[in-house]
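Visitor: Here is a sequence with its predicted model. Questions after.
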Amino acid sequence: MVKDRKIPYATQWISAGDVAAVSGALKSGWLTQGPGVREFEEKAAGYCGAKYAVAVSSGTAALHIAALAAGFKAGDEVITSPITFAASANCILYSGAKPVFADIDKRTYCIDPLKIKSAITRKTRGIIPVHFGGHPCEMPKVQKLARENGLKVIEDAAHAIGATYGYRGREFKVGSCAHSDMTVFSFHPVKHITSGEGGMVTTNDEGLYRKLLLLRSHGITRDASLMEKKGEGPWYYEMVELGYNYRVSDFQCALASSQLDRLDGFVRRRREIVEMYNSSFRDTKELVTPYEKPGSQSSYHLYVVQLRSIDRKKAFEALSARGLGVNVHYIPVYTMPYYRKLGFKMGLCPAAEGYYKKAITLPLYPKMSDEDVEYVIRAVKDTMDALKA
């Protein structure tokens, strides 16, 4: 065994081309609010197959302005998944609305459309399905429920850029908004591509697009068609919405744009690693490996296994001692102290709670070598054998 080996659960992969792209942006004279932002937006929208894209300072900022653009407000209810990062639900609170948690599918760990249906009330105004770990939710079913009940749909695709799903003989990219009003991405360093910090909203709705642009930048516009006063002068602008400073810089977008060129390769490598894991763990009875729904292609942001009977804490500590940067994704959001103060209680989503008790995230990132992967496999198998004895 190699001593003192450290393999994180995820990390970025910065190339010489990425560095050159950022250097070029820094030398361009535009650090922020320049052409680099728009160039990245157009490139990302084209990749996803959406008409519009709005780049912002983080995935959380993207969720926030998407919730506001959707019109969520006090008195509304918005349904989302409990197995996600807190921002997926927090953005509902930011808008003044109430989060409602629908339980997960036990195989994909994504939100269960049947549970969404049972959670809809007269107060429901939206659904935020989370493509957990890179696996697409059942978006056609989600969209059908939304249309039947007049709801807005915001896909939380922070894990899922590069993922696809099939429907009626066609393949759809996550982010195309083929079955939603908006899709949100994150470009944090552990995600598929990074801008350091950053996020994006894609949409096919021009009205939503214009609203998102305003919300990103203080609600201020120089577009004469949106202003009350006409012909005031070239210096003139108006604040027409209560917006935020969620702008992203040109050099961040230069990095993300360069990374986007490598995205398909990143996804292929992630899937290769997953196949190595799945093949090696096939006969390890203690582990439940990830499920991929037929017709879907996960972009595998995460590789999560569940333990059938071994104590999760002991397994976590043993794997950590072997140098594996294991993690747990996620603690059900409504069990957090802040949400319990809002009245949420244990037992709300049994599948999510059962999943959480047994889940461990293993290292997965494109920069992993085959040797790294084999080390993880050996460490996991050795640990399972030791803890079963």
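Guide: Sure thing, it's come through.
Visitor: So Ala386 sits against Ala318, correct?
Guide: Yes: look at Ala386 against Ala318 with C-beta atoms under 8 Å: they come within range, at 7.0 Å. Every residue, glycine included, has its C-beta placed from N, CA and C.
Visitor: So if I had to pick from the two, which one is more boxed in?
Guide: Neighbour count, other C-beta atoms under 10 Å: between Ala386 and Ala318, Ala318 has more, with 20 against 12.
Visitor: Would you check how far apart the more buried one and Pro363 are?
Guide: 15 Å (C-beta to C-beta, to the nearest Å).
Visitor: and if you look at Tyr9?
Guide: Taken as C-beta to C-beta, the span from Tyr9 to Pro363 is 5 Å.
Visitor: joint contacts of the two?
Guide: Common neighbours of Tyr9 and Pro363, counting by C-beta atoms under 8 Å, 6 or more residues apart in numbering, are Leu324, Gly325, Val326.
Visitor: could you dump these to a markdown table with neighbour count, secondary structure and pLDDT?
Guide: As requested, these are arranged in a markdown table below (neighbours: other C-beta atoms under 10 Å; DSSP: H, G, I helix; E, B strand; the rest coil; pLDDT from 0 to 100):
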| residue | neighbour count | secondary structure | pLDDT |
| --- | --- | --- | --- |
| Leu324 | 23 | strand | 98 |
| Gly325 | 16 | coil | 97 |
| Val326 | 22 | coil | 98 |
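Visitor: who has more neighbours, Tyr9 and Pro363?
Guide: Pro363 (25 against 19).
Visitor: check contacts around that one.
Guide: So Pro363 contacts Ile7, Pro8, Tyr9, Ala10, Tyr303, Leu324, Gly325, Val326, Asp372, Val376 (C-beta under 8 Å, 6+ apart).
Visitor: Not counting residues beside it along the chain, what's closest to the second one?
Guide: Meaning Pro8. Among residues not flanking Pro8 along the chain, Gly325 sits closest, at 3.8 Å (C-beta to C-beta, 6 or more residues apart in numbering).
Visitor: Can you tell me which residue sits nearest the middle of the protein?
Guide: Nearest residue to the geometric centre of the chain (C-alpha atoms, centre = their mean): Ala158, 1.3 Å.
Visitor: mind listing the helices for this protein?
Guide: 16-27, 35-48, 59-69, 87-94, 113-119, 139-149, 206-216, 250-260, 263-281, 312-321, 337-341, 350-358, 370-388 (DSSP state H).
Visitor: Dump those into a markdown table; add distance to Gln297 and mean pLDDT as well.
Guide: Output for the helices of the chain, formatted as a markdown table (distance: least, C-beta to C-beta, whole Å; pLDDT from 0 to 100):
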| stretch | distance to Gln297 | mean pLDDT |
| --- | --- | --- |
| helix 16-27 | 25 | 98 |
| helix 35-48 | 14 | 98 |
| helix 59-69 | 22 | 98 |
| helix 87-94 | 22 | 98 |
| helix 113-119 | 19 | 98 |
| helix 139-149 | 14 | 98 |
| helix 206-216 | 27 | 98 |
| helix 250-260 | 18 | 98 |
| helix 263-281 | 8 | 98 |
| helix 312-321 | 28 | 98 |
| helix 337-341 | 33 | 98 |
| helix 350-358 | 22 | 98 |
| helix 370-388 | 20 | 97 |
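Visitor: quick check, distance from stretch 165-174 to the centre of its chain.
Guide: Put simply, stretch 165-174 sits 19 Å off its chain's centre (C-alpha atoms, centre = their mean, to the nearest Å).
Visitor: Looks like the residue nearest to the centre of the chain contacts Gly59 (just checking).
Guide: Yes: counting by C-beta under 8 Å, Gly59 is a contact partner of Ala158 at 4.8 Å.
Visitor: Can you pull the residues that touch both of these two?
Guide: In terms of C-beta under 8 Å, 6+ apart, Ala158 and Gly59 are both contacted by the residues Val184, Phe185, Ser186, His188, Gly199.
Visitor: and stretch 150-163, what's its mean pLDDT?
Guide: Confidence for stretch 150-163, expressed as mean pLDDT, is 98.
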